[in-house]
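In: from the sequence below, what's the structure:
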Amino acid sequence: MRHLVFVTFVTFVLSVFPPNMIASAIAEQRTIYVSQLGDDSDGTSWERAFRTIQKAIQAIPSPDGAYRVLIRPDTYMEANLFPAHPGAKGSYNILEADYDGTGGSGRTGYAVIDSSDPERGLKSVDWWSPFRADTTFSSVGWDRWIFRHIYATGAEAGMGWDMTADEGAQFSVLVEDCFGIGRAFGAIVAAFTARVEEPIIYRRCQLWSLDWWGDAAGAYVRANNTAMPDHPDVIFEDCTLVGPDNALQAGNPGYKGYTRVSLKDCRLISLNFSQPRGTPSTGIIYSTIRGKLLHVDLEDCTLMGYKVFGAGEGEISYSTKGSVRAYVQFEQPVPEGMHRLGHWPLDTFQSILPPMPSDNRPAFMDKQIVRDNMCEVSPFLWEGKIYLLECVRPATGGDPKEYYLVIQDAETSQQVARFGEGYGLACALVHENALYVFASLYEPNNGWNDVTLFYSHDLKKWQKTVVIKQDEKEHLFNSSVCWTGDRFVMAYESDDPAYPAFTVKFASSKDGVAWTKIPDAIFGKDRYTACPCIRFADATYYLLYLERRTPRWFFETWLARSEDLVNWELSRLNPVLTPQGNSEGINASDPDVVEFQGRTHIYYSVGDQLTWMNTMKCVYPGSLRELFRAYFPDH
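Out: Predicted coordinates for the structure are as follows:
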């Protein structure tokens, strides 16, 4: 095996992507915004942001470059993305997340491009990827783009592009601080010709393959050179490459091109440490056809796996510079120029996952399950204590006798009232020493109907009247009521077929008994909005509600505000509540709140929205007004 002299490329790499070139796109303010909170109109601001990445990148109007697509950190269920135009020399386009929140999105973190089947999971099928490519469509439209803080997953490849349909096309990208996970490849660049002055660069990236079968590696590179070049086609700087079989792979059957890869300050990990008598890895670095078709330059890198190099035939050429360390199966040799590690490189292995940015949302405390097998709970203050109005019902169907309302002491669980047989989806409000309970009637074969008021001064004797009658072809579900100082306002959930299921409508009342619908006040004309909880503070209505993260079966509690019940603004810090951990399933719904002793107690439901639900509670260490101001810091 040849031990070649290492040549550094730092000088010309910096000249390719000078800071002034990258900053120019931002300085010109040619920014297109992406946020699922936007109105999906034209992408010119966060309020007018496109809701999908695909729509934003198709809105790029010219091939002049220097356009920036800025994405609110969130999960975007998208696949096979392709832009309207590539970038230009000296004016690369940018696709990036507002990772640290400085762009005004209100959130921190990655922009997750999840190409999974939203109902069935990882979509491992040939050519399915976050970035489009197939035998008839080339990825060359992504030429001269910069990617930052993108987390690409759920498909065959992560952060990668294939020019097979335009074999040998020139291609340049800069990928920084990204995470790529794929069944086959964490990163892939294939069937391309590199520009000497504009090499492909991955910097500070985590690149994972999930499979050992066929072509599969943390990073797969296949250039179209007729001879080994004296410059790298692809440069990896401070990256972690992980795969069950290979960390880095080049070539595939029928391919004869030469590829050169530079790796500096990288960690290459093959997870298969089998015995020679088992099914060992083909190599941390592997050339599928012939070793001579791949050359790697290694500087200050650590490699972990069964063995360092492997090839279909022959040997891979390489050079080393600085500290190049290898931790391999004890019977395997370590190539010349590398230091053999006899101890587990803990720091290298711990680098597999990157740090996440701190969450900039208000922090909750004292999270706990308070009721098993219960969905709707409404807290209220009565004689200086917190009581819970609990809606007892089966998960679905059943006899109306199985539906009823119970009031319990939140601390002792002592039951103080039971009433409202056949009713559920209720909320509670205390006003002038009376308890008002608003609930919907359950009828077999007709679901939930109308809003009925139960009210009492002693929690023993109850008066009852229907206060909101549903329209034709409509059913009414959860409701919530607040007092503004001069009137009651109700938010109630409807399946009105004129809007997406579900929609929140509003009504008002002077006495809590006689109600008038507000015809122009509708929240959720273009999105799923359910389980409302309305409050009034600082001359503003605040609405906690359930947002389904379509197309996923995944539910979060979000917050919106309005001064007139007609025009609504979503908090940029949404979600308020999101399911976390195994015990919370895929749902954080049915919010209700009560302020007690200077703190805000939030009750909500977790579960799968199909078969089970539990009630949880968390506490915000401040008043309700302070909580709302925290989610709208400009107030």
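
In: give me the number of neighbouring residues for Ala59.
Out: 17 (other C-beta atoms under 10 Å). Placement of C-beta: from N, CA and C, glycine included.

In: could you list the buried residues of stretch 207-214?
Out: Applying a neighbour-count criterion of 16 or more other C-beta atoms under 10 Å, one finds 207-212 buried in stretch 207-214.

In: let me fix that, I meant to ask about stretch 351-364.
Out: 351, 361-362, 364.

In: assign a three-state SS to Trp212, would you?
Out: What DSSP: H, G, I helix; E, B strand; the rest coil gives for Trp212 is coil.

In: same check, this time on Leu544
Out: From three-state DSSP, the assignment for Leu544 is strand.

In: separation between the residue of the chain most remote from its centre and Met77?
Out: Largest separation from the mean C-alpha position in the chain: Lys461, at 49.0 Å (C-alpha atoms, centre = their mean). Remark: distance between Lys461 and Met77 (C-beta to C-beta, to the nearest Å) = 52 Å.

In: save the buried residues of stretch 351-364 as CSV, and put in distance to Asp538, pLDDT and secondary structure too.
Out: Below are the buried residues of stretch 351-364 laid out as CSV (distance: C-beta to C-beta, whole Å; pLDDT from 0 to 100; DSSP: H, G, I helix; E, B strand; the rest coil):
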residue, distance to Asp538, pLDDT, secondary structure
Ser351, 47, 83, coil
Arg361, 20, 86, coil
Pro362, 17, 87, coil
Phe364, 21, 92, coil
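
In: which one among these gets closest to Val175?
Out: Using C-beta to C-beta, Ser351 comes nearest to Val175 of the buried residues of stretch 351-364, at 17.6 Å.

In: residues touching the closest one, list them.
Out: Applying C-beta atoms under 8 Å, 6 or more residues apart in numbering, we find Ser351 in contact with 240, 267.

In: and if you look at Gly104?
Out: 46, 98, 572.

In: now which of those residues would you call buried?
Out: Applying 16+ other C-beta under 10 Å to the contacts of Gly104 flags 46, 98, 572 as buried.

In: what helix or strand is the first one on?
Out: Under the assignment given by DSSP states H and E, Trp46 is not contained in any helix or strand.

In: would you quantify the distance from it to Arg371?
Out: Taking C-beta to C-beta, one finds Trp46 at 38 Å from Arg371.

In: without its sequence neighbours, what residue ends up closest to the spatially most central residue of the chain?
Out: The C-alpha lying nearest the average C-alpha coordinate of the chain belongs to Thr75 (C-alpha atoms, centre = their mean; 2.6 Å). Nearest residue to Thr75, sequence neighbours excluded (C-beta to C-beta, 6 or more residues apart in numbering): Val112, at 4.3 Å.

In: wasn't Asp471 part of a helix?
Out: No - under three-state DSSP, Asp471 falls outside any helix and is assigned coil.

In: give the contact list for it.
Out: Counted by C-beta under 8 Å, 6+ apart, Asp471 has contacts Asp496.

In: can you tell me how far it is from Ser571?
Out: Using C-beta to C-beta, we find Asp471 at a distance of 30 Å from Ser571.

In: now do the helix or strand hosting Thr259: which elements does it pack against?
Out: Element membership of Thr259, judged by DSSP H and E, is strand 259-264. Identification of packing neighbours for strand 259-264 by 3 or more C-beta pairs under 8 Å, 6 or more residues apart in numbering; DSSP states H and E yields strand 217-223, strand 234-237, strand 246-250, strand 294-299.

In: next SSE after that strand?
Out: Later in the chain than strand 259-264, the nearest helix or strand by DSSP H and E is strand 267-270.

In: strands paired with that next one, and their directions?
Out: As defined by DSSP bridges, the strand partners of strand 267-270 come to strand 240-243 (parallel), strand 302-304 (parallel).

In: next one: the next helix or strand along the chain from that strand to chain centre, how far?
Out: Per DSSP H and E, the first helix or strand lying C-terminal to strand 267-270 is strand 285-287. Put simply, strand 285-287 sits 33 Å off its chain's centre (C-alpha atoms, centre = their mean, to the nearest Å).

In: just list what strand 285-287 packs against, helices and strands only.
Out: strand 246-250, strand 294-299, strand 309-311.

In: hmm, 6 Å instead?
Out: strand 246-250, strand 309-311 (3 or more C-beta pairs under 6 Å, 6 or more residues apart in numbering; DSSP states H and E).

In: quick one: mean pLDDT over that strand.
Out: What strand 285-287 shows for mean pLDDT is 97.

In: just checking: what are the partner strands of it?
Out: strand 246-250 (parallel), strand 309-311 (parallel).

In: make TSV from the ones you listed and add distance to Val451 to it.
Out: Formatted as TSV, these follow (distance: least, C-beta to C-beta, whole Å):
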stretch	distance to Val451
strand 246-250	61
strand 309-311	69
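
In: any idea which of the ones you listed is most buried?
Out: strand 246-250 (a mean of 31; mean count of other C-beta atoms under 10 Å).

In: okay, Val406: pLDDT?
Out: We have a pLDDT of 97 for Val406.

In: that one: which element?
Out: If you go by DSSP H and E, Val406 is part of strand 404-409.

In: how far away is Ala191 from Ser124?
Out: From Ala191 to Ser124 the distance is 21 Å (C-beta to C-beta).

In: that's all I had, so thanks and see you.
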